[in-house]
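Chemist: Have a look at this prediction, sequence included:
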Amino acid sequence: MRLSIYTFCLLLAFISCRKETAISPDTLTGTWIELSARQDTIIFNLAEDGTALPGFLIVNRIREMSPAGYWFPKAGSGIYSYELQNNRIFLRNLYSSSSMGADYTIEQRGNELEVENFYELGYKQPASAKRTLIRIK
């Protein structure tokens, strides 16, 4: 009896373990919008005109008015090159004068994407939190 209980527990442990699948650029392609405030979008592998742009992402954030009355994109907006490495995304900001990059965690579950907040505090700063995005296109 005891052996069957141990066998059952071991079998249950193997079944409940979830194998992580690596994220591929193909599954990311499209437009994703941040879920809570719905103001920030990330576009993977597509230029703004819809043409293919593999290995790049565009972060569109809301615009803020400067003291002089001009509208500018919030910090973190721009074009980034990226490389996927298991559950990490390595980013380089192409608007930056530095060629250094940084990596952040990323996880995809269907049409939901969870990524460390690399764009809100500024590039190459420690991530403040994870952001959840949903695919809209």
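Modeler: Nice, I can see it.

Chemist: For Arg63, which non-adjacent residue is closest in space?
Modeler: Trp71 (4.5 Å; CB to CB, 6 or more residues apart in numbering). Every residue, glycine included, has its C-beta placed from N, CA and C.

Chemist: swap in Met65?
Modeler: Using CB to CB, 6+ apart and skipping the chain neighbours, the partner closest in space to Met65 is Trp71 (5.6 Å).

Chemist: Tell me which strands the helix or strand containing Phe72 pairs with, and in which orientation.
Modeler: Per DSSP states H and E, Phe72 falls inside strand 71-73. Counting by DSSP bridges, the strands paired with strand 71-73 are strand 63-65 (antiparallel).

Chemist: name the helices or strands packed onto whichever strand or helix holds Thr105?
Modeler: In this assignment (DSSP H and E), Thr105 forms part of strand 102-109. Helices and strands touching strand 102-109, as assessed by 3 or more CB pairs under 8 Å, 6 or more residues apart in numbering; DSSP states H and E, comprise strand 88-93, strand 112-116.

Chemist: Noted, bye for now.
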